[in-house]
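A.B. asks: heads up, no residue letters with this:
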């Protein structure tokens, strides 16, 4: 269960039969909430909004691979903001989130399990 009370759907399909794992989905919620709590300012709000919007769009329209690509890019951009803020532990968490998204999208094991859930 996420911080806002929603449950994570394990069948979230993203790119070409791959999916974003429930762990990565929860990690997006946690890390973006931590960034908002730690870094004040409009740029942080905008970057978090973009990450969450692309996550939603990638879930809603799994055939649109550009949304999944844009999600990864948005997290990479968020990583740059966090690194500039000097918050080392948070920067490591955002970078780990980026790596999780990339791993989930390219994992053959996840693709096989997603194919069985269609």
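C.D. replies: Thanks, I have the structure now. As the structure is a computational prediction, the values presented were derived from the model and not from experiment. Numbers count the residues shown, from 1 in each chain.

A.B. asks: so where's this protein uncertain?
C.D. replies: For the chain, residues meeting the criterion pLDDT under 70 lie at 1-19, 107-118.

A.B. asks: one more time with 80, if that's ok
C.D. replies: 1-20, 62, 107-118 (pLDDT under 80).

A.B. asks: most centrally placed residue in the chain?
C.D. replies: The centre of the chain sits closest to residue 28, judged by C-alpha atoms, centre = their mean, with a distance of 4.5 Å.

A.B. asks: Tell me who's in contact with it.
C.D. replies: 51-52, 55, 75, 97 (C-beta atoms under 8 Å, 6 or more residues apart in numbering). For every residue, glycine as well, the C-beta is placed using N, CA and C.

A.B. asks: Going by distance to residue 84, which of those residues wins?
C.D. replies: Using C-beta to C-beta, residue 75 is the member of those that sits closest to residue 84, with 15.2 Å.

A.B. asks: Pull the number of nearby residues for the closest one.
C.D. replies: Using other C-beta atoms under 10 Å, the number of residues around residue 75 comes to 25.

A.B. asks: Just after the biggest helix by length in the chain, pick out the following helix or strand.
C.D. replies: Of all segments of type helix in the chain, defined using DSSP state H, the longest is helix 65-85. Heading C-terminal from helix 65-85, the first helix or strand you meet, by DSSP states H and E, is helix 88-106.

A.B. asks: Verify the stated contact: residue 52 with residue 32.
C.D. replies: Yes - between residue 52 and residue 32 there is a contact at 6.3 Å, judged by C-beta atoms under 8 Å.
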